[in-house]
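Engineer: predicted model, plus sequence, below.
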Amino acid sequence: MATSDKPLLQVQRLSAQFTRDGVVSQVVKGISFDIAAGEAVGFVGESGCGKSVTARAMMRLAPEGSSVELGGEVRFDGQDLLQLREADMCNIRGQRIAMVFQDPMTSLNPVLSVGAQIDDIVSRHTGMSRAQARRRTVELLGLVGIRDAARRADDFPHQFSGGMRQRVLIAIAVSCQPELLIADEPTTALDVTVQAQILRLLLRLRQELGMALMLITHDFGVIAGMVERVYVMLDGQIVESGAVDDIFARPQHDYTRALLDAVPRLESAGRTRS
Amino acid sequence: MTTAAAADQPVLQVRDLSVVFPARRGHPAVKAVDRVSFDIAPGQTLGLVGESGSGKTTTGRAILQLQSASAGSVKLLGQELTTMPRAALRRMRRHMQFVLQNPYSSLHPRMTVARILTEPLQVHQSVAAAQMPDRIAQLMELVGLEPDMVQRYPHEFSGGQRQRIVIARALAVHPDFVVCDEPVSALDVRTQAQIVDLLGTLQDKLGLSYLFIAHDLALVRQVAHRVAVMYGGQLVELGDAAQVYDTPAHPYTRSLLDAVPIPDPARQRAKLAAAPPEPEFDQYRNPSGPCVFGEDHGHTGSSTWHVVCPGHSVSCRFWPPGVPC
Amino acid sequence: MVEARPVAEAPAPRKRRHLLLALGVVMLVTMLLVTAFGPWIAPYDAIATSPNSLAGPSAEHWLGTDSIGRDVLSRLIIGGRTTLLITFVAVSLAVAAGLVLGLVSGYVGGLADELIMRALDIVFAFPVFLLAIAVVAALGPTVPNLILTIAIVYTPIMARVVRAPVLSVKRWDHVEAARSVGVGELRIAIVHVLPMVVSPILVQTSLTLANTIFTVTALSFLGIGPPPPDPNWGGMLSEARQFMELAPLTVIGPAAAIVFATLTFIVLANGLRDLLDVGSH
């Protein structure tokens, strides 16, 4: 699906090092990967493998409470994001690269209506007037499948279910038609039926907006239907990468094989059950 | 005092169990669990599946009498728990144990593993003080941990190891029945597989019965002999695992199974491409007129359970009209 | 599924954590040692008068003398004994009562909680001084009466500080797990709930100690404290007011002592809070 020869995102030897109380830990140990324009790439691995830190490091979002040192290069459309000034980075975040996180509740301001929050972001990034921004907000809420969008824009986050809140976050993320959407465990906290809906939504938006997608998850089932290429991470490094069909059918690395073996399958019972 | 389960008697009998949370300011009363009934045979696992808000966790806690039931009966080894006096209930607890979801919070952070494992033995006085260290070592080995680690504190162990300790504690007094509430959801996939394996081995070895509560349907398929599906506080389907998974009768079960992501790229892509209808099941809680099986329950007052085939039954509640059975 | 790891906020830098606490401990130990060995350290008998009144600092009297010739330094040292004795005993009683009431109130809940909290609210509503004056007027200004009054007055805050974490800890998983194992409620309350509540109590105790020092000295300043001739800081301060310009040390001495003692407990409280804020493991 890569249409241009130069990748949209090219990461070289990215490393992230945390220092806490004098103890240094290397969470990401020099990984390299790329994402072409419009391509969907998955990052899979167990907890602590560094996949979430990779995404945050790329966006220069420091995790709470610790100091982090970044190394390597993150070339987005030619520019190294790690060398940009914070002001320039702010322009990229939300506009050209957007992120959707796992927990929709803590990402939304509970005291502002959902519409107000989206209006804010839209007008900040595009300079539209309040009225124009509100029209765009309603349009976005409709785009992500929220029914009765005009009325619901005035509701507060707690009046939405978990799945709906995630849709709102996705609406915010795509509001400026980013070239790359980073989704970090976007459906992990949701019920399975809602998860299926959100995954379908993400697929549809990718098609309609031509966004590239970086999907981070521990769930192999989620990865299987959403991405074209997969990177498997362990202990801060990429141990295997390849086309998604290849990785699932012929995993090369022992770790990938062990992970795939451990995934429970819906069709077959366990060895001890009939 | 015979409390050992006879081979043909179910270990657990739940009949019309209901839990109603009383109305609070601004919120109406909530029927978290609504007339749930099922049996669990000795040495068997019943998987209880459902999404958030289905009432499955509350059901588990109500069975263990950690949550008071508003109505219904729970019989463990033939004895009624809901009306048992507190002292007798505490003694009865040695027969029913609880493995919770979060291995990081279900162990007292300031107690060593040795103390954690000794506590149930002391409470139920099942083992003489002199034999306690041996019993603890035995338990550690049973769950695959080194016995000499008992002097450590919980925070010195990984999530998977902590869950093993939780299981060891549950087994300390030889229970007959264990409620496992999302026992592996907080663990990585390889650790999940190991713990699930362990639970299976222990069941074979010790003849335990499990109520395995989980939202991960693929996981439940690995462990359960029989499966119960919950929605909106009620059971909508109950049957052998093969029956429910291979030939689901209730539309909700079907939509639930359909939504489970398959770790097979071609099939999962095809599944996501086909958009299924998304009915709001809750609106069909109390339909009027004849149900999809042709009975008018409002009129006859009969049970809403219908038998599909031996061992497999389904509720006609929450059934969108026009969907065939 | 759920993020199971407890979220810890960034702890205070390690050095600062222990520095405050170390400082507080040093100050406390100094104070305790000086007052404990008071009678042997004090250069003079605290109640012995002499014709050398309102003297400035000198080799014989490091802090001078008061209006009837008593050595200020000795009076400070001996006076500290009474003040600290009342403080520690009163606060210990308040902590003990607060622990029991707070634990029962928080753990049992329901009617017991309501009754206990309302009763404590009534006590809490009384200003310390009014209550002290009332008690002393009724029963006499003896040391036991003072201790009792102060203990009663500070029990509500202790109970509240205990009750708050008990309310949340009793819902924690390991408590429910213990219950499901069959552990009795009393044992759960004492073994599973109470230890998790220790940190806020320690901090509050330190703060209350600081408050109590102030209260005791203020009461004695007002004349409601231990009766003469036993020296006490508040009383010394009160007497010395009129001679402030003639012999400033008679005022500065007790004032500095009061400040030092109060500061000790505040530094301790901050040190403990920084230390314990690292979170339980």
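Structural biologist: All right, it came through fine.

Engineer: ok, which stretches of chain B are strands?
Structural biologist: B:12-21, B:30-40, B:45-49, B:71-76, B:79-80, B:96-99, B:177-181, B:209-214, B:226-231, B:234-240, B:305-309, B:312-315 (DSSP state E).

Engineer: turn the ones you listed into a markdown table, including distance to C:Ala55.
Structural biologist: For every residue, glycine as well, the C-beta is placed using N, CA and C. Output for these, formatted as a markdown table (distance: least, CB to CB, whole Å):
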| stretch | distance to C:Ala55 |
| --- | --- |
| strand B:12-21 | 77 |
| strand B:30-40 | 80 |
| strand B:45-49 | 87 |
| strand B:71-76 | 85 |
| strand B:79-80 | 87 |
| strand B:96-99 | 76 |
| strand B:177-181 | 78 |
| strand B:209-214 | 83 |
| strand B:226-231 | 88 |
| strand B:234-240 | 91 |
| strand B:305-309 | 100 |
| strand B:312-315 | 97 |
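
Engineer: so which of these gets nearest C:Phe243?
Structural biologist: strand B:12-21 (70.6 Å; CB to CB).

Engineer: what sits against the nearest residue to A:Val74 once chain neighbours are set aside?
Structural biologist: Taking CB to CB, 6 or more residues apart in numbering or on different chains, and ignoring the residues beside it in sequence, A:Val74 has A:Leu81 as its nearest neighbour in space, at 4.3 Å. A:Leu81 is in contact with A:58-60, A:74-75, A:89, A:92, counting by CB atoms under 8 Å, 6 or more residues apart in numbering or on different chains.

Engineer: in strands only, show me the residues you listed.
Structural biologist: A:74-75.

Engineer: looking at it, A:Tyr231 is touching A:Cys49, isn't it?
Structural biologist: No. When contacts are counted by CB atoms under 8 Å, A:Tyr231 is not listed as touching A:Cys49 (10.4 Å).

Engineer: measure whichever residue of chain B sits closest to chain A to A:Gln197 for me?
Structural biologist: Ranking the residues of chain B by distance to chain A (CB to the nearest CB) places B:Pro261 first, at 2.8 Å. For B:Pro261, the distance to A:Gln197 equals 12 Å [CB to CB, to the nearest Å].

Engineer: more crowded one of those two?
Structural biologist: Counting neighbours by other CB atoms under 10 Å in any protein chain shown for B:Pro261 and for A:Gln197 shows that B:Pro261 has the greater number, 25 against 20.

Engineer: residue contacts, the closest residue to the more buried one other than its chain neighbours?
Structural biologist: Once flanking residues are discounted, B:Pro261 sits nearest to A:Gly221: 2.8 Å by CB to CB, 6+ apart. Residues in contact with A:Gly221, defined by CB under 8 Å, 6+ apart, are A:263, B:218, B:260-263, B:268.

Engineer: can you do 6 Å?
Structural biologist: Applying CB atoms under 6 Å, 6 or more residues apart in numbering or on different chains, we find A:Gly221 in contact with B:261-263.

Engineer: separation between the residue in the stretch 101-250 of chain C positioned nearest to chain A and B:Asn102?
Structural biologist: In the stretch 101-250 of chain C, no residue comes nearer to chain A than C:Asp173, which is 18.8 Å away by CB to the nearest CB. Look at C:Asp173 and B:Asn102: by CB to CB, they are 6 Å apart.

Engineer: ok, B:Ser255 next?
Structural biologist: Counting by CB to CB - B:Ser255 and B:Asn102 are separated by 29 Å.

Engineer: got it, and A:Met164?
Structural biologist: 26 Å.

Engineer: counting neighbours, go ahead and name the busier of B:Ser255 and B:Asn102.
Structural biologist: Neighbour totals were compared for B:Ser255 and B:Asn102, and B:Asn102 leads with 24 against 19 (other CB under 10 Å).

Engineer: which helix or strand contains the closest residue in space to A:Glu73 that isn't next to it in sequence?
Structural biologist: What sits nearest to A:Glu73 in space, not counting adjacent residues and going by CB to CB, 6+ apart, is A:Gln12, at 4.4 Å. Using DSSP states H and E, A:Gln12 falls within strand A:9-20.

Engineer: from the chain's centre, how far out does stretch A:18-33 sit?
Structural biologist: 21 Å (CA atoms, centre = their mean, to the nearest Å).

Engineer: so what touches it?
Structural biologist: With CB under 6 Å, 6+ apart, stretch A:18-33 has contacts from A:11-17, A:50, A:53-54, A:66-68, A:231, A:236-238, C:14.

Engineer: assumed A:Gly38 was part of a helix.
Structural biologist: No. Using DSSP: H, G, I helix; E, B strand; the rest coil, the secondary structure at A:Gly38 is coil, not a helix.

Engineer: so A:Arg265 sits in a helix?
Structural biologist: No. Counting by three-state DSSP, A:Arg265 is not found in a helix; it is coil.

Engineer: the helix or strand containing A:Lys29 versus strand A:9-20: what angle between them?
Structural biologist: Counting by DSSP H and E, the element that carries A:Lys29 is strand A:23-35. Using axes from the mean of the first three to the mean of the last three CA atoms, to 10 degrees, one finds that strand A:23-35 and strand A:9-20 are set 170 degrees apart in direction.

Engineer: who does strand A:23-35 pair up with?
Structural biologist: Using DSSP bridges, strand A:23-35 pairs in its sheet with strand A:9-20 (antiparallel).

Engineer: I'd say C:Ser67 and C:Ser53 touch.
Structural biologist: Yes. Counting by CB atoms under 6 Å, C:Ser67 touches C:Ser53, with 5.5 Å between them.

Engineer: so A:His125, which state does it fall into?
Structural biologist: Under three-state DSSP, A:His125 comes out as helix.

Engineer: hang on, B:Asp34 packs against B:Val236?
Structural biologist: No. With contact defined as CB under 6 Å, B:Asp34 does not count as touching B:Val236 (11.1 Å).

Engineer: ok, these two, which is more surrounded?
Structural biologist: B:Val236 (26 against 21).

Engineer: hmm, B:Tyr252 and the more buried one touching each other?
Structural biologist: Yes. B:Val236 is in contact with B:Tyr252 according to CB under 6 Å; the separation is 5.4 Å.

Engineer: now list whatever residues contact both of those two.
Structural biologist: Residues touching both B:Val236 and B:Tyr252 (CB under 6 Å, 6+ apart): B:Phe318.

Engineer: where does A:Leu213 fall, secondary structure wise?
Structural biologist: Using DSSP H and E, A:Leu213 falls in strand A:212-217.

Engineer: and that strand, which strands flank it?
Structural biologist: Applying DSSP bridges, strand A:212-217 is found paired with strand A:40-44 (parallel), strand A:180-184 (parallel).

Engineer: just the buried positions in stretch C:91-110, please.
Structural biologist: C:91, C:93-95, C:97-99, C:101-107 (16 or more other CB atoms under 10 Å in any protein chain shown).

Engineer: does any part of that stretch sit near chain B?
Structural biologist: No. If you take CB under 6 Å from any CB of the partner chain as the test, stretch C:91-110 misses chain B, and the best it gets is 13.8 Å.

Engineer: circling back to that earlier point, the residue of chain B closest to chain A contacts A:Val222, correct?
Structural biologist: Yes. Judged on CB under 6 Å, B:Pro261 makes contact with A:Val222 at a distance of 5.2 Å.

Engineer: nearest residue to the residue of the stretch 201-325 of chain B found nearest chain C in space, please, no chain neighbours.
Structural biologist: Proximity of the stretch 201-325 of chain B to chain C (CB to the nearest CB) peaks at B:His215, 7.6 Å away. Closest residue to B:His215 apart from its sequence neighbours, by CB to CB, 6+ apart: B:Glu51 at 6.3 Å.
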